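Student: One predicted model, sequence on top.
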Amino acid sequence: DKPSYKWQRVLLKVSGEALAGDQSQNIDPKITMAIAREVASVTRLGIEVAIVVGGGNIFRGSSWAGSSGLDRSSADYIGMLATVMNAIFLQATMESIGIPTRVQTAFRMSEVAEPYIRRRAVRHLEKGRVVIFAAGTGNPFFTTDTAAALRCAEINAEVVLKATNVDGVFDDDPRHNPNARLHDTLTYHEVTSKDLSVMDMTAITLCQENNIPVVVFNLNKPGNISKAIKGERVGTLIGG
Ligand code: UDP
């Protein structure tokens, strides 16, 4: 009998910035390898892992549209393409250590990845494959956090695990205030009413409406990704 963990199927959100680490390059291969190793350790336990990758390490549509006058939709399509680059990098890293991994894109790029097909994604997960969802929601004006919430709901994953460069959600900016306190838990309402910068409003309300808990945690601490996936206490848990 398999030991039972808190979650059977999780949606791991990895932001682009987290992939960059402190490298001057867009992607730090040490980080993608660390993610791959930790994900491997939990898929071996039978926990199903789907991943949504961001693209902010390469291109963020909103900031380009603002600063250059570039049309927002065009800028966002470039941002979505950036997430595909990250997804393929992560897939190649995972497969290099023997984890079967599929990338599914929200718009067709059939020479490089499968198109997003919900039932097929679920089938991959059931077979123990990792599925990486790329190109966000496929729509401009959205974020990959919203894509994470959406895909989580669609594939009936139980939680969004948001891997970031900080330990969780603080009551003040820990980079400027050394006395900032880490919240262990928060309600959705606290996140939205206090305007805590956890996720954009669209993403957090989608989680709330579908009762999807969100765990915000630091992926730079060794062991944290596997702990979060196994349902051990890390970072900040948002729910209720
Ligand atoms: N994006 C989009 N629609 C989506 C998801 C992403 O248009 O559904 C674009 C948007 O321009 C965004 C960029 O892709 O700035 C990269 O995604 P995001 O900023 O969410 O990445 P992260 O912050 O997680 O690195």
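Tutor: Sure thing, it's come through. Quick caveat: nothing in here was measured; it's all calculated off a predicted structure.
Student: Flag every buried residue along stretch 68-88.
Tutor: 75-88 (16 or more other Cβ atoms under 10 Å). From N, CA and C alone the C-beta is placed, and that goes for glycine too.
Student: Near the ligand, which residues of the chain are found?
Tutor: Within reach of the ligand by Cβ under 6 Å from any ligand atom, the chain has these residues: 15-17, 54-56, 60-62, 75-76, 79-80, 82-83, 136-137, 139-140, 142-145, 147.
Student: now those residues: which count as buried?
Tutor: Taking 16+ other Cβ under 10 Å as the criterion, what is buried in the residues of the chain next to the ligand is 15-16, 54-56, 60-61, 75-76, 79-80, 82-83, 136-137, 140, 142-145, 147.
Student: on that earlier part again, among the residues of the chain next to the ligand, which lie within helices?
Tutor: Among the residues of the chain next to the ligand, the members falling in helices (DSSP state H) are 16-17, 61-62, 75-76, 79-80, 82-83, 144-145, 147.
Student: Format those as JSON lines; extra columns: pLDDT.
Tutor: Shown next, in JSON lines, are these (pLDDT from 0 to 100):
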{"residue": "16", "pLDDT": "95"}
{"residue": "17", "pLDDT": "92"}
{"residue": "61", "pLDDT": "92"}
{"residue": "62", "pLDDT": "88"}
{"residue": "75", "pLDDT": "96"}
{"residue": "76", "pLDDT": "97"}
{"residue": "79", "pLDDT": "97"}
{"residue": "80", "pLDDT": "98"}
{"residue": "82", "pLDDT": "98"}
{"residue": "83", "pLDDT": "98"}
{"residue": "144", "pLDDT": "98"}
{"residue": "145", "pLDDT": "98"}
{"residue": "147", "pLDDT": "98"}
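Student: Can you tell me which helices and strands the lowest-mean-pLDDT helix or strand in the chain packs against?
Tutor: Lowest by mean pLDDT, DSSP states H and E among the helices and strands of the chain is helix 61-68, with a mean of 85. Other helices and strands packing on helix 61-68, by 3 or more Cβ pairs under 8 Å, 6 or more residues apart in numbering; DSSP states H and E, are helix 72-96.
Student: Next, the angle helix 61-68 makes with the helix it packs on.
Tutor: For helix 72-96 against helix 61-68, the angle by axes from the mean of the first three to the mean of the last three Cα atoms, to 10 degrees is 140 degrees.
Student: what's next to the least confident helix or strand of the chain, contact-wise?
Tutor: The contact list for helix 61-68, computed with Cβ atoms under 8 Å, 6 or more residues apart in numbering, reads 70, 71, 72, 75, 76, 77, 78, 79, 140.
Student: Residue 121 and residue 157 touch, don't they?
Tutor: No: checked against Cβ atoms under 8 Å, the pair residue 121 and residue 157 is beyond contact range at 10.2 Å.
Student: Quickly list what's touching both of those two.
Tutor: Jointly contacting residue 121 and residue 157 under the rule Cβ under 8 Å, 6+ apart are 50, 151.
Student: where exactly do the helices run in the chain?
Tutor: Remark: helices assigned in the chain by DSSP H are 16-20, 29-43, 61-68, 72-96, 118-126, 144-154, 188-193, 201-209, 224-230.
Student: In contact with residue 111, which residues are there?
Tutor: By Cβ under 8 Å, 6+ apart, the contact set of residue 111 is empty.
Student: again with the one 3 residues further on
Tutor: With contacts defined as Cβ under 8 Å, 6+ apart, the neighbours of residue 114 are 102, 103, 104, 105, 120.
Student: of all the contacts of helix 61-68, which two lie farthest apart?
Tutor: 71 and 79 (12.7 Å; Cβ to Cβ).
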